[in-house]
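Student: sequence and predicted model, in that order:
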Amino acid sequence: MLIIRGVNVFPSQIEELVLRITGLSPHYQLELTREGYLDALTVHVECLGELSSEDARARAARDLAHSGKSYVGVSVTIKVHEPGAIGRSVGKAKRLLDRRQL
C-alpha cells in the first residue's frame, strides 16, 4: 500500500484501471517522487500495437488519469510508452520505483 497525498493507494487498484483501458497492456510501473513536501505518483504503462498514433496514446492516458482520480481518489500522472519499453524481470515483476529523497 502507498500513501499519496493522504490517500491509501493499492497497486492492484491501478492495475485494475490499466486493464480496463482498451489499447493498454498489463505491463506497468509505478514511480513515486516527492514534489516539495508531497508525494506524487506517475504510472508508466505500455501500449499495445493498436495505439500507434500520439492522439490515441494521449486519449488512453487521459482516460486512465480520469479513472484514477475518480476511482482511487488521487491525481496521477500517466506516461504511455512503446511496447517493450518497461523492463521485464525474471520472477516477480518490479512494480514500484521509489525515487523520493528521504
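Tutor: Yes, it's here. Residues are numbered from 1 along each chain as shown.

Student: mind checking the SS state of residue 70?
Tutor: Per DSSP: H, G, I helix; E, B strand; the rest coil, the secondary structure class of residue 70 is helix.

Student: now swap in the one 10 residues further on and tell me
Tutor: Following three-state DSSP, residue 80 is assigned to strand.

Student: residues touching it, list them.
Tutor: For residue 80, the contact set (C-beta atoms under 8 Å, 6 or more residues apart in numbering) comprises 24, 45, 46, 47, 51, 57, 58, 60, 61. The way it works is simple: take the backbone N, C-alpha and C, and place the C-beta from them, glycine included.

Student: and the closest residue to the fifth one other than its chain neighbours, backbone torsions?
Tutor: So the one you mean is residue 51. Distances taken as C-beta to C-beta, 6 or more residues apart in numbering put residue 23 closest to residue 51, at 4.1 Å, once the chain neighbours are dropped. Torsion angles at residue 23 (phi, psi; degrees, to the nearest 10) stand at phi 100, psi -10.

Student: what about residue 18, neighbour count?
Tutor: Using other C-beta atoms under 10 Å, residue 18 has 21 neighbouring residues.

Student: in what helix or strand does the residue positioned nearest the centre of the chain lie?
Tutor: Ranked by distance to the mean C-alpha position of the chain (C-alpha atoms, centre = their mean), the top residue is residue 43 at 2.0 Å. Counting by DSSP states H and E, the element that carries residue 43 is strand 38-47.

Student: where do the strands sit along this structure?
Tutor: Remark: strands assigned in the chain by DSSP state E are 2-4, 7-9, 24-35, 38-47, 77-81, 96-98.

Student: which two of the contacts of residue 80 have the greatest separation?
Tutor: Pairwise distances across the contacts of residue 80 peak at 15.2 Å for 46 and 58 (criterion: C-beta to C-beta).
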